[in-house]
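1. Got a predicted model here, sequence first, then my questions.
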Amino acid sequence: MKVKIGGKEKNIIFDPMTHTPNGETGPGDHGKDGIEDFVQNHKCNQKCTALGLESLAEEESDGE
Ligand SMILES: [Zn+2]
């Protein structure tokens, strides 16, 4: 949702959902299945970039 606060447009995130390994944070928490599903289906966008998040697609390393 976008709103204007003090003349600046802001993004407001509401009703966020989390997935945790134990699935204990609420009805939207699908545990490990939820995490794996998110990782497989997520495509990084400008919000990820704006937040400085690393790309999930480049997470694999050669184990230096
Ligand atoms: Zn992303």
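-> Right, received. Where do you want to start? Computed from a predicted model, the values in this text were never measured in an experiment.

2. Please tell me how far the biggest helix by length in the chain is from the chain's geometric centre.
-> In terms of residue count, the longest helix belonging to the chain (DSSP state H) is helix 31-41. The chain centroid and the centroid of helix 31-41 are separated by 11 Å, computed with Cα atoms, centre = their mean, to the nearest Å.

3. now stretch 33-48
-> Here stretch 33-48 shows a centroid-to-chain-centroid distance of 6 Å under the convention Cα atoms, centre = their mean.

4. if we can go back for a sec, please export the C-alpha coordinates of the helix or strand that the longest helix of the chain is followed by as CSV.
-> For helix 31-41, the following helix or strand on the C-terminal side (DSSP states H and E) is helix 46-50. What follows is the C-alpha trace of helix 46-50 in CSV, where atoms were taken according to Å, rounded to 0.1, in the frame of the first residue of the first chain:
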residue,chain,number,x,y,z
GLN,A,46,13.4,-3.3,-6.7
LYS,A,47,12.2,-3.7,-3.1
CYS,A,48,14.9,-6.3,-2.5
THR,A,49,17.5,-4.0,-4.0
ALA,A,50,16.2,-1.1,-2.0
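
5. Is the ion within reach of helix 46-50?
-> Yes - contact between helix 46-50 and the ion is present through residue 48 (criterion: Cβ under 5 Å from the ion). The C-beta positions use only the backbone N, C-alpha and C, and glycine is treated the same way.

6. hang on, isn't residue 14 packed against residue 3?
-> No - taking contacts as Cβ atoms under 8 Å, residue 14 lies outside contact range of residue 3: 10.7 Å.

7. which secondary structure elements does the worst-scoring helix or strand of the chain on mean pLDDT contact?
-> The helix or strand of the chain with the poorest confidence is strand 2-5; it has a mean of 78 (mean pLDDT, DSSP states H and E). In terms of contact count using 3 or more Cβ pairs under 8 Å, 6 or more residues apart in numbering; DSSP states H and E, strand 2-5 is assigned the packing partners strand 8-11.

8. Partner strands of the strand it packs on, with direction?
-> As defined by DSSP bridges, the strand partners of strand 8-11 come to strand 2-5 (antiparallel).
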